[in-house]
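this one's structure only:
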């Protein structure tokens, strides 16, 4: 799809929600931060502060991404901007950085998919089990205008703009007890669940879902608080979880894990046109590079696990089919629990079928 963000650089077309991935834009007019003529305020010689945060550490995907965006902004804008970067949850937890961005205490954050579900539980549908057959299909589905508005409309209402999204690697299953080859193997295991969607999946598989902070995951496995987890492949390598979980299972496209670049809408709309254009371009390039990087990492992931000493089990098509059947009831639980509307699920499944035909 054509990248619609690149058509939003004039005053007349300036959008409230911009994406670097072809997603639709809001029809909200650019009004915040403008003068009486409707134009952006002129640059007054003071650098524009761009404070950015992420909870991931510097060697994880979002930690690398936030540094990459900072480099691009500095290169493009020089002393026009004062870019301040805080990774590793130096300032806020995931939920806190959402609130800080809404309040304008930070301008941009790189947020994990699960944490953004606190803004809109509809986002849980993105991680519904075996919904997407591939990452490319997932990107296309999430870029559909109707689906996009169902999922992300709440961000507009809360004063936030989705700038772009990118996959965070495939969801893999790892543990320290034994190989996981079928749903029956999950019985009795204590597995980390970073969000409600993961809890529903793990419970359906017969495991006990336990919530632990991301930064405590390694020690939680060591001490027996948890036996394992479903986690994005990028996180497994970056946090060296292979050292404490020797059994790794490839369950196919179990769920689509995602990360976002999000900013304060009022701040975005207040940017002078040249700064806005450079900012948008830098975000585009950052998302493109994050997507390309995670694809490369994902393709090499299971080989890397074996090199680290893990025992890797690749589920067959028949075994994945059993997993799908076991997890199929999770969709009804999402609707019954009031997390996701049936309309959203129907729209996404229909779009997947259309793209997969």
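Okay, I see it. Bear in mind that the values here come from a model prediction, so they are computed numbers and not experimental data.

all helices of the stretch 101-250 of the chain, in order?
Per DSSP state H, counting those that start in this stretch, the stretch 101-250 of the chain carries helices over the ranges 113-116, 135-142, 145-157, 196-205, 217-223, 233-238.

please identify the buried residues of stretch 47-57?
Neighbour-count burial for stretch 47-57 flags 48, 50, 51, 52, 53, 54, 55, 56, 57 (criterion: 16 or more other CB atoms under 10 Å). No exception for glycine: its C-beta is placed from N, CA and C like everyone else's.

how close does the last one get to residue 262?
What that stands for is residue 57. Residue 57 sits at a distance of 19 Å from residue 262 (criterion: CB to CB, to the nearest Å).

how about the second one?
With distances taken as CB to CB, residue 50 is found 13 Å from residue 262.

need the residues touching each of the two.
Counting by CB atoms under 8 Å, 6 or more residues apart in numbering, the common neighbours of residue 50 and residue 262 are residue 108.

by mean pLDDT, flag the weakest helix or strand of the protein.
helix 233-238 (a mean of 86; mean pLDDT, DSSP states H and E).

packing partners of that one?
strand 160-175, helix 273-307 (3 or more CB pairs under 8 Å, 6 or more residues apart in numbering; DSSP states H and E).

what helices and strands are in contact with the following helix or strand past the longest one?
Taking DSSP states H and E as the definition, the helix or strand that follows helix 273-307 towards the C-terminus is strand 311-314. Helices and strands touching strand 311-314, as assessed by 3+ CB pairs under 8 Å, 6+ apart, comprise strand 247-250, helix 273-307.

ok, residue 246 - contacts?
Taking CB under 8 Å, 6+ apart, we find residue 246 in contact with 176, 309, 310, 311.

can you do 10 Å?
174, 175, 176, 177, 178, 179, 305, 308, 309, 310, 311, 312 (CB atoms under 10 Å, 6 or more residues apart in numbering).

okay, the helices and strands packed on helix 233-238 in JSON lines with mean pLDDT and mean neighbour count next?
Listed next are these as JSON lines, based on pLDDT from 0 to 100; neighbours: other CB atoms under 10 Å:
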{"stretch": "strand 160-175", "mean pLDDT": "93", "mean neighbour count": "25"}
{"stretch": "helix 273-307", "mean pLDDT": "95", "mean neighbour count": "18"}
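
give me the contacts around stretch 303-315.
The contact list for stretch 303-315, computed with CB under 10 Å, 6+ apart, reads 172-174, 178-182, 185, 233, 236-237, 240-243, 245-252, 254, 297, 300-302, 319-323.

how far away from the center of its chain is it?
On the basis of CA atoms, centre = their mean, to the nearest Å, stretch 303-315 sits 25 Å off its chain's mean C-alpha point.

cool, stretch 162-173 as well?
5 Å.

circling back to that earlier point, any chance of the helices and strands packed on helix 233-238 in a markdown table with distance to residue 351 as columns?
Below are those laid out as a markdown table (distance: least, CB to CB, whole Å):
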| stretch | distance to residue 351 |
| --- | --- |
| strand 160-175 | 16 |
| helix 273-307 | 20 |
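
in a markdown table: the contacts of residue 246, plus distance to residue 218.
Shown next, in a markdown table, are the contacts of residue 246 (distance: CB to CB, whole Å):
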| residue | distance to residue 218 |
| --- | --- |
| 174 | 12 |
| 175 | 14 |
| 176 | 11 |
| 177 | 16 |
| 178 | 20 |
| 179 | 21 |
| 305 | 16 |
| 308 | 14 |
| 309 | 16 |
| 310 | 15 |
| 311 | 19 |
| 312 | 20 |
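
among the residues you listed, which ones are buried?
With burial judged by 16+ other CB under 10 Å, the buried subset of the contacts of residue 246 is 174, 175, 176, 305, 310, 312.

bridged to the last one, which residues?
Going back to what we said before, that points to residue 312. Counting by DSSP bridges, residue 312 forms beta bridges with residue 248.

helix or strand for the most centrally placed residue in the chain, which one?
With distances taken as CA atoms, centre = their mean, residue 259 lies nearest the centre of the chain, 1.8 Å away. Using DSSP H and E, residue 259 sits in strand 256-264.

mind listing what's buried in stretch 253-273?
253-272.

on that earlier part again, gap between the strand holding residue 259 and the chain center?
4 Å.

that one pairs with which strands?
strand 108-112 (antiparallel), strand 160-175 (antiparallel).

tabulate those in a markdown table, adding columns for distance to residue 338.
Formatted as a markdown table, these follow (distance: least, CB to CB, whole Å):
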| stretch | distance to residue 338 |
| --- | --- |
| strand 108-112 | 22 |
| strand 160-175 | 22 |
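
so which of these gets nearest residue 194?
Closest approach to residue 194 among the strands paired with strand 256-264 is made by strand 108-112 (7.9 Å; CB to CB).

tilt between the closest one and helix 273-307?
30 degrees (axes from the mean of the first three to the mean of the last three CA atoms, to 10 degrees).

for strand 108-112, give the mean pLDDT please.
Strand 108-112 comes out with an average pLDDT of 96.

quick one: mean pLDDT for the helix or strand just after the strand holding residue 259?
Downstream of strand 256-264, the first helix or strand assigned by DSSP H and E is helix 265-270. In this model, helix 265-270 has a mean pLDDT of 97.

who does helix 265-270 touch, helix- and strand-wise?
Applying 3 or more CB pairs under 10 Å, 6 or more residues apart in numbering; DSSP states H and E, one finds that helix 265-270 contacts strand 48-54, helix 94-103, strand 160-175, helix 273-307.
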